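Peer 1: everything below, folded, please.
(2 chains)
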There are 2 protein chains.
Amino acid sequence: MSRYQRHVFVCINERPKGHPKGCCLEKGSCAVRDAMKSLVHERGLKDIVRVNNSGCLDACAHGISMVIYPEGIWYGGVTVQDVPEIVDRTIINGEVIERLLILDPGYSPERKQFRLLGKP
Amino acid sequence: MSRYQRHVFVCINERPKGHPKGCCLEKGSCAVRDAMKSLVHERGLKDIVRVNNSGCLDACAHGISMVIYPEGIWYGGVTVQDVPEIVDRTIINGEVIERLLILDPGYSPERKQFRLLGKP
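Peer 2: Numbering: from 1, shown residues only, chains lettered A, B, ... in the order given. Okay, here's the model as predicted:
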């Protein structure tokens, strides 16, 4: 088991105004990150769960985006209102919230990979 | 399987000059990140491996720090010279490089957890 039982990375990438891809920052990702950090602390999970900023997760079209490891759960279109459900259902109980999953098959667990890397 | 077979987060947190904890940025973490990104692209792994900036990973004393998911491998004291070995041994072959592991037991896989979260 790694240091954290769940480690959340919230994209706070910023692109120039008017960029066709848009960016998670302008959609309000800092508020999502702040709300999630606060709630994780409030639930007494500080030592086993960490919420981090990350650079661009290459999921700009689906932002606000985040990924939760070790499972690799990709959520998109996340709002501050979704945060309590993510903390209580996904982070604490390990449930995947289907409604928030990024539907692009590239992000799904069943995606075929053409080259498999070695495993420890 | 999540979008990326391996997802590397390199801490690029910056603290004010003279801060007792120090920070990964002043130790040169951007150069480590850049070298790793370049090599991942050069090895043709762009679609299955991603290297991201992250905020503070709370491993300041061990910086330059990074964590590699889904395994949760925590490396510390990483230099640009270590990057080819990390890419070829850990990212491609799944081998853990003992010398780079953060030795603090808090980061090790065997750490006891007092509260176990739910699993999907």
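Peer 1: distance of A:Lys21 from A:Asp82?
Peer 2: Using C-beta to C-beta, to the nearest Å, one obtains 22 Å as the distance from A:Lys21 to A:Asp82. Heads up, the C-betas are built off the backbone N, CA and C, glycines and all.
Peer 1: who's more crowded, the two?
Peer 2: Counted by other C-beta atoms under 10 Å in any protein chain shown, A:Lys21 and A:Asp82 do not tie: A:Asp82 has more neighbours, with 19 against 11.
Peer 1: contacting residues for the more buried one?
Peer 2: Taking C-beta atoms under 8 Å, 6 or more residues apart in numbering or on different chains as the criterion, A:Asp82 is in contact with A:32, A:75, A:97, A:100.
Peer 1: what ranges does chain A have for its helices?
Peer 2: Taking DSSP state H to define them, one finds helices in chain A at A:24-27, A:29-42, A:83-85.
Peer 1: for the first one, buried residues please.
Peer 2: Neighbour-count burial for helix A:24-27, counted by 16 or more other C-beta atoms under 10 Å in any protein chain shown, picks out A:24-25, A:27.
Peer 1: ok, now the second one?
Peer 2: Within helix A:29-42, the residues scored as buried using 16+ other C-beta under 10 Å are A:29, A:32-33, A:35-37, A:39-40.
Peer 1: what of stretch A:70-84?
Peer 2: By 16+ other C-beta under 10 Å, the buried positions in stretch A:70-84 come out as A:70-76, A:78, A:82-83.
Peer 1: next: stretch A:46-58.
Peer 2: When neighbours are counted by 16+ other C-beta under 10 Å, the buried residues of stretch A:46-58 are found to be A:48-58.
Peer 1: can you narrow those residues down to the ones near chain B?
Peer 2: The residues of the buried residues of stretch A:46-58 that also fall near chain B, by C-beta under 8 Å from any C-beta of the partner chain, are A:48-50, A:52-58.
Peer 1: what's the worst-scoring helix or strand of chain A on mean pLDDT packed up against?
Peer 2: Least confident helix or strand, chain A: helix A:24-27 with a mean of 86, by mean pLDDT, DSSP states H and E. Applying 3 or more C-beta pairs under 8 Å, 6 or more residues apart in numbering or on different chains; DSSP states H and E, we find helix A:24-27 packed against strand A:6-11.
Peer 1: does the strand it packs on come close to chain B?
Peer 2: Yes - figure legend: strand A:6-11 in contact with chain B (C-beta under 8 Å from any C-beta); contacting residues A:6-7, A:9.
Peer 1: neighbour-wise, which one of these leads?
Peer 2: Greatest neighbour count in these, by other C-beta under 10 Å, goes to A:Phe9: 26 neighbours.
Peer 1: which residues pair with that one across the strands?
Peer 2: Following DSSP bridges, A:Phe9 is listed with bridge partners A:Asn52, A:Val67.
Peer 1: for it, list the residues it contacts.
Peer 2: Residues touching A:Phe9, when contacts are defined by C-beta under 8 Å, 6+ apart, comprise A:52-54, A:57, A:66-69, B:9, B:52, B:54.
Peer 1: give me that answer again for 10 Å
Peer 2: A:Phe9 sits next to A:33, A:50-55, A:57, A:65-69, B:7, B:9, B:52-55, B:67, B:69 when contact means C-beta atoms under 10 Å, 6 or more residues apart in numbering or on different chains.
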